[in-house]
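Undergrad: One predicted model, sequence on top.
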Amino acid sequence: MHRASSYINSEFPDKSELKPLSSTQARSLRYALNEDALSYIYSGAISLAEAITGTDNSAFSWSAVKAYYSTFYMLRALLALEGWAILYRGSKPFIAEARSGAEIRKSKGNTHEIVLETFSGKFPSHWLLSQEISSEQPLEWMRHRREEANYNRARFIEPDVPAPFKEIKSLGIRKAIGAYYADTYYAFDPDHSILAYPIATLRHTLDRLSTTTSFIAPDDARFISTLCKDKDGPIVTFSSLLAPR
């Protein structure tokens, strides 16, 4: 359940007029968005943990898909934390800002398109958009890696190693994750971006979450940490990312 969408639909039942938000509605929407953000972060962190573990197990196709999904969930969390809601009334998408007097406006496209376009449009100067990856806007680069794995090939590429994973496999997953944790430079390096960019996105999202005094519940963090592992066990560096700021 998306709390923000449920809240708006309870305030403005189906077919009723969508009015500008009152100050009380704006506060309630922001509270709902903060709750949604925690859910998106949880889903994104699980997706990233599975992408990392899958890479170690040479399951590159699904790892690329999950790395993209991790980025998508984190961007949706960042939008929520900044007060932007992507809502559905029936099957139709809307966007609303949790601000007194803000209008609830119609949108178009699927949820993925709306999230990526809204983040790029509202926050063009964000660090996550500060450089290109192989001459592409980074969100487009991540989307294209997902499409290569999901749509562009009739058969998964395994056991061959696709280009975005070759350097990671050469380094070893544990060493690679340690490098990405220590230096955000790798986020925009196409030899590393497939995992380094989602890790940087998780980090930025958790930093933003900390300003709300919220954090991932300890039990959730422990569970997610068990999913990110190699043959030697859980990757502690990834667990460190999830610790309260």
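TA: Sure, I can see it.
Undergrad: Buried residues in the helix or strand hosting residue 179, which are they?
TA: Using DSSP states H and E, the secondary-structure element containing residue 179 is helix 173-182. In terms of neighbour count (16 or more other CB atoms under 10 Å), helix 173-182 has its buried residues at 173, 174, 176, 177, 178, 179, 180, 181. For the C-beta atoms, the positions are set from N, CA and C on the backbone; glycine is no exception.
Undergrad: Beyond whichever strand or helix holds residue 39, next helix or strand please.
TA: When elements are defined using DSSP H and E, residue 39 is found to belong to helix 23-56. Taking DSSP H and E as the definition, the helix or strand that follows helix 23-56 towards the C-terminus is helix 60-81.
Undergrad: quick one, the helix holding residue 39 and helix 60-81 angle?
TA: Between the axes of helix 23-56 and helix 60-81, defined by axes from the mean of the first three to the mean of the last three CA atoms, to 10 degrees, the angle is 160 degrees.
Undergrad: Could you check how far helix 23-56 is from the centre of its chain?
TA: From the chain centre to the centre of helix 23-56 is a distance of 8 Å (CA atoms, centre = their mean, to the nearest Å).
Undergrad: What of stretch 104-117?
TA: On the basis of CA atoms, centre = their mean, stretch 104-117 is displaced by 15 Å from the centre of the chain it belongs to.
Undergrad: quick one: low-confidence parts of this structure?
TA: Counting by pLDDT under 70, the chain contains no low-confidence residues.
Undergrad: where exactly do the helices run in it?
TA: Secondary structure of the chain, counting by DSSP state H: helices at 3-11, 23-56, 60-81, 111-122, 138-147, 163-171, 173-182, 193-210, 218-227, 236-241.
Undergrad: Out of these, flag the one nearest residue 102.
TA: Among these, the nearest to residue 102 by CB to CB is helix 23-56 (6.8 Å).
Undergrad: okay, the angle between that closest one and helix 163-171?
TA: 60 degrees.
Undergrad: name the helices or strands packed onto helix 23-56?
TA: Based on contacts counted as 3 or more CB pairs under 8 Å, 6 or more residues apart in numbering; DSSP states H and E, the elements that helix 23-56 packs against are helix 3-11, helix 60-81, strand 84-89, helix 163-171, helix 173-182, helix 193-210, helix 218-227, strand 229-230.
Undergrad: Next, the buried residues of it.
TA: For helix 23-56, the buried set under the neighbour-count rule, 16+ other CB under 10 Å, comprises 25-26, 28-30, 32-56.
Undergrad: Report how many residues lie close to residue 12.
TA: 18 (other CB atoms under 10 Å).
Undergrad: Spit out the contact partners of it.
TA: Counting by CB atoms under 8 Å, 6 or more residues apart in numbering, residue 12 touches 18, 19, 89, 104.
Undergrad: Verify the contact between the third one and residue 16 for me.
TA: No. Using CB atoms under 8 Å as the test, residue 89 is too far from residue 16 to be in contact (9.7 Å).
Undergrad: And the two? Which one has more around it.
TA: Just comparing residue 89 and residue 16: by other CB under 10 Å the higher neighbour count belongs to residue 89, 18 against 10.
Undergrad: Could you point out the bridge partners of the more buried one in the sheet?
TA: residue 92 (DSSP bridges).
Undergrad: Quick check: the gap between the residue most central in space within the chain and residue 105.
TA: The centre of the chain sits closest to residue 74, judged by CA atoms, centre = their mean, with a distance of 2.3 Å. Spatial separation of residue 74 from residue 105 under the definition CB to CB, to the nearest Å is 24 Å.
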